[in-house]
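Novice: Show me the folded form of this:
(one chain, ligands or ions: 1)
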Amino acid sequence: SWTTESIVDEQVEAIRAQVGSRRAICALSGGVDSAVAAALVQKAIGTQLTCVYVDHGLMRKGETEQVEKDFVAATGVQLKVVDASERFLGALAGVSDPEQKRKIIGREFIRVFEQAQAEIVAEAPSDEPVAFLVQGTLYPDVVESGGGTGTANIKSHHNVGGLPEDLEFELVEPLRKLFKDEVRMVGQELGLPAEIVQRQPFPGPGLGIRIIGEVTRERLDLLREADAIAREELTAAGLDGDIWQCPVVLLADVRSVGVQGDARTYGHPVVLRPVSSEDAMTADWSRLPYDVLGRISTRITNEVSEINRVTLDVTSKPPGTIEWE
Ligand code: XMP
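Specialist: Prediction:
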């Protein structure tokens, strides 16, 4: 539309004016905001931008490939991918406490990102300094954090663990005046893949905080399959626009008895947590059609043999948060 086009033009101009001939880096999380921010900066300054994608192994099915292949194909961005899943899983071994998990994931993210940043500086094709950090800060984030500018003081909760505060970068925040729906429109205008532009909000710590109990590779694989089935069925039923997000939570420390064929099983339950919301500050549980819930349940228990029970969370926020951890 006219307005979306003018937002893009205006931001491209502003980014060029701010960055000049220097260089910028951007951490891609796989989410909408960082993707759209990066695409705008790419459009403005091209190869002066390098993006970093830290694969912490806690992503949902297909997401890493969407960043590595589809996003790069759509934008032509220079991308450095760091496969750090071993490292994150090692650091998370034996940890069940939600706040501990968040801290560990945040800390490891910063370390990996700093290393990647040092490599980017060292490998620089030009003498221009890497002076800018691109962030996908939205208007509601600006308002919530008191409207300050120029410093990396985003609430750690809303960031990929929170980037280090002492990074010597000036911030580039091309989405500071926008709401989520406008960000999606800008992303569409820039030709980003629908899977990224329409993506449900996903927490920085990823599936790590959707496994109740210790995070292991096996448990991640189970949850990834169950989550992919739920998303597929919601999309097939045309419900993506009705829900804000639908976390699938693996109760990994709980076992439940089931029966499959003649055999008794002793597996794990998952919880479906579909919610509707305007801004995630408050939320209501979504009244999904029973037949859709039924299909999700049947498919998960048939296709993921270690999961033998599917339950539905019917709690609003407050008192329940959207995520279980
Ligand atoms: P809660 O669980 O607090 O979630 O009701 C509100 C919204 O924020 C997302 N969320 C996070 N996002 N890092 C993030 O980037 C986090 O640590 C985090 N925790 C929750 C959640 O998915 C929901 O959209």
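Novice: from here on, contacts and neighbour counts on C-alpha atoms
Specialist: Will do.
Novice: taking the mean pLDDT, what do you get for stretch 280-299?
Specialist: For stretch 280-299, mean pLDDT is 97.
Novice: where does the stretch 51-200 of the chain dip in pLDDT?
Specialist: Where the stretch 51-200 of the chain drops to pLDDT under 70, the residues are 145-167.
Novice: Which parts of it are helices?
Specialist: Ranges of helices within the stretch 51-200 of the chain are 63-65, 72-75, 85-92, 98-122, 139-144, 180-189, 194-197, based on DSSP state H, counting those that start in this stretch.
Novice: So what touches the shortest one?
Specialist: Translated: helix 63-65. 30, 55 (CA atoms under 8 Å, 6 or more residues apart in numbering).
Novice: residues of it that come out buried?
Specialist: 63-64 (16 or more other CA atoms under 10 Å).
Novice: any idea how far Glu278 is from the ligand?
Specialist: 10 Å (CA to the nearest ligand atom, to the nearest Å).
Novice: cool, and Ile120?
Specialist: Distance from Ile120 to the ligand, by CA to the nearest ligand atom: 25 Å.
Novice: quick one, what contacts that residue?
Specialist: With CA under 8 Å, 6+ apart, Ile120 has these contacts: Thr50.
Novice: Can you classify Thr301 as helix, strand or coil?
Specialist: helix (DSSP: H, G, I helix; E, B strand; the rest coil).
Novice: what's the neighbour count on it?
Specialist: 18 (other CA atoms under 10 Å).
Novice: Make sure it is actually in contact with Thr311.
Specialist: No. Thr301 is beyond contact range of Thr311, at 11.4 Å (criterion: CA atoms under 8 Å).
Novice: just the residues of the stretch 201-325 of the chain that are near the ligand, which are they?
Specialist: 201-205, 280, 321-323 (CA under 6 Å from any ligand atom).
Novice: could you redo the last one with a cut-off of 8 Å?
Specialist: 201-206, 244-245, 247, 280-283, 317, 320-325 (CA under 8 Å from any ligand atom).
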